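A.B. asks: what's the 3D shape of this:
(chains A and B)
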Amino acid sequence: MLYRADFHIHSCLSPCASLEMSPKSIVTKAKQAGLNAIALSDHNCTFNLPAFSRVCAQLEMECLFGMEVTTIEEAHVLCLFDELDRAMEMGKSVYDSLPDVSGRSAGFGDQPIIDENEEILGFAEKFLIAASTFSVSALLGQVHALGGLCIPAHIDRQVYGIIAQLGFLPDEAFDAVELAAGGDPVLAKQYPVVRNSDSHQLESIGSAFTQLEVSELSVDQIRESLRRQVS
Amino acid sequence: MKISDLQSLESFTCLQEEYEDIEIVSGYTSDLLSDVMANADEGSVLVTIQAHKNTIAVSSLAGVAAIIICSNRPVPDDMLAAASSEGIAVFQTAENQFNTSALIAQHIGGCPAR
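C.D. replies: Residues are numbered from 1 along each chain as shown, chains lettered A, B, ... in the order given. Below is the predicted model of the structure:
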């Protein structure tokens, strides 16, 4: 089956994202944009994934469960899982490692945790823009141990892109690297490329996407398909 | 040295002028925001090339009063809007972080020992 996938979408939990980004609105908009696979990837936190999972089931959208981790080097790395509990386990490790700084006083968003009906259940207490204690290598190790995909995000960007932060793209077992819509594929070196929208507002969902030819939307199949891209 | 005194330094352009004009007693130079968040002093001036909105959030948490963006890195409008609502002064300079830090240290009479 040919998937048109956008695996980098933020919900209202991310303090820099619009409040309209509820799982329900995201999935509805993704369908309108012609996507048939998406992932929710909030900053350093997976608290909105359970609602996202239920909405995807209700509205028949295939999905992965993601998170965009800020490593100790302050590079953004996308972590994607095909099982909710694995994503939640990774999410707990990352959230627990964030500094004990409240997000409320940063002058940013409220970081609401919401349910499938857009009711507010609570708020993520820690400041989600802060850096975790995971190095790029340590993160990669743990994501792979939990059966996920590990993909440095927007490597062509000056802000939080891995090349801007480290000065180079390290030789690691990344499953792919992510480029923004117009990003130069030369930057990706030996890695497969994925393109996602990194949406913080509804209107940009699907503005970049990756085509994947897989029989089912599983981590194993996606990894296989990405490897074929470079072999 | 007060924040407004930075405005009279030739190499600096003030991009965000809505701030409380307090006395600067220390500075912090870093491009790693987690480091700024953990170590910058209340009422300090931050010297950095990280020209984006998250720098304001982190500065607000740490109590940084003014930010100097070095090497003429472009400063986006949403960063200035956030700085305005937090009352943090933002300056831009063509100089690098080393020269900027040295200049400010000279004006505040050296760096206080930590």
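A.B. asks: longest single helix anywhere in chain A?
C.D. replies: helix A:84-97 (DSSP state H).
A.B. asks: what about the strands in the chain?
C.D. replies: Using chain A here. A:2-9, A:37-43, A:62-70, A:76-81, A:112-114, A:120-123, A:149-152, A:177-179, A:193-195, A:210-213 (DSSP state E).
A.B. asks: my bad, chain B
C.D. replies: Under DSSP E, chain B gives strands at B:12-16, B:27-29, B:45-48, B:66-69, B:89-93.
A.B. asks: buried set for the third one?
C.D. replies: Spelled out, it's strand B:45-48. B:45-48 (16 or more other CB atoms under 10 Å in any protein chain shown). (C-beta placed from N, C-alpha, C; glycine too.)
A.B. asks: could you do the first one as well?
C.D. replies: With burial defined by 16+ other CB under 10 Å, the residues of strand B:12-16 counted as buried are B:12, B:14-16.
A.B. asks: contact residues of chain A facing chain B?
C.D. replies: Where chain A comes near chain B, counting by CB under 8 Å from any CB of the partner chain, the residues are A:15-16, A:72, A:74, A:99, A:101, A:105-108, A:127, A:129-131, A:159.
A.B. asks: below-threshold pLDDT in chain A: ranges please.
C.D. replies: For chain A, the stretches with pLDDT under 70 are A:105-106.
A.B. asks: try it again at 90.
C.D. replies: A:101-109, A:158, A:166-167, A:180-183, A:231 (pLDDT under 90).
A.B. asks: quick one: the helices in it?
C.D. replies: A:23-32, A:49-58, A:84-97, A:136-145, A:162-166, A:219-230.
A.B. asks: list the helices and strands the second one packs on?
C.D. replies: Which is helix A:49-58. The contact analysis (3 or more CB pairs under 8 Å, 6 or more residues apart in numbering or on different chains; DSSP states H and E) places helix A:49-58 against helix A:23-32, strand A:37-43, strand A:62-70, helix A:84-97.
A.B. asks: what's the most buried one of these?
C.D. replies: Comparing the helices and strands packed on helix A:49-58 by mean neighbour count (mean count of other CB atoms under 10 Å in any protein chain shown), strand A:37-43 ranks first with a mean of 27.
A.B. asks: so how far is that one off the chain centroid?
C.D. replies: Taking the mean of its C-alpha atoms, strand A:37-43 sits 4 Å from the chain's own mean (CA atoms, centre = their mean, to the nearest Å).
A.B. asks: residues touching the residue nearest the centre of chain A, list them.
C.D. replies: When CA atoms, centre = their mean is applied to chain A, the residue found nearest the centroid is A:S41 (3.0 Å). Contacts for A:S41 (CB atoms under 8 Å, 6 or more residues apart in numbering or on different chains) come out as A:7-10, A:66-68, A:78-80.
A.B. asks: ok, A:I38 next?
C.D. replies: A:I38 neighbours (CB under 8 Å, 6+ apart): A:5-7, A:9, A:26-27, A:30, A:56, A:61, A:63-64, A:205.
A.B. asks: go again using 7 Å as the cut-off
C.D. replies: A:I38 sits next to A:5-7, A:9, A:30, A:61, A:63 when contact means CB atoms under 7 Å, 6 or more residues apart in numbering or on different chains.
A.B. asks: A:D115 too?
C.D. replies: Contacts of A:D115 by CB under 7 Å, 6+ apart are A:51, A:121.
A.B. asks: ok, B:Q7 touching B:Q16?
C.D. replies: No: between B:Q7 and B:Q16 there is no contact under CB atoms under 7 Å: 11.2 Å.
A.B. asks: which residues in chain B form helices?
C.D. replies: Using DSSP H, helices in chain B cover B:3-7, B:33-39, B:53-62, B:77-86, B:97-107.
A.B. asks: now these in a markdown table, with distance to chain A and mean pLDDT?
C.D. replies: Output for the helices of chain B, formatted as a markdown table (distance: least, CB to the nearest CB, whole Å; pLDDT from 0 to 100):
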| stretch | distance to chain A | mean pLDDT |
| --- | --- | --- |
| helix B:3-7 | 19 | 93 |
| helix B:33-39 | 4 | 91 |
| helix B:53-62 | 4 | 92 |
| helix B:77-86 | 5 | 95 |
| helix B:97-107 | 16 | 95 |
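A.B. asks: any idea which of those helices is most buried?
C.D. replies: helix B:53-62 (a mean of 24).
A.B. asks: of the buried residues of strand B:12-16, closest to chain A?
C.D. replies: Distance to chain A across the buried residues of strand B:12-16 (CB to the nearest CB) is lowest for B:Q16, with 13.9 Å.
A.B. asks: so what's the closest one closest to, chain neighbours aside?
C.D. replies: What sits nearest to B:Q16 in space, not counting adjacent residues and going by CB to CB, 6 or more residues apart in numbering or on different chains, is B:V90, at 3.9 Å.
A.B. asks: what about the one you found, how many residues nearby?
C.D. replies: 26 (other CB atoms under 10 Å in any protein chain shown).
A.B. asks: which residues touch it?
C.D. replies: B:15-16, B:67, B:69, B:75, B:80, B:83.
A.B. asks: for the residue minimising distance to the centre of chain B, give me its contacts.
C.D. replies: The centroid of chain B falls nearest to B:I67 when counting by CA atoms, centre = their mean (1.7 Å). Shown in contact with B:I67 (CB under 7 Å, 6+ apart): B:46, B:48, B:55, B:59, B:88, B:90.
A.B. asks: nothing else from me, thank you.
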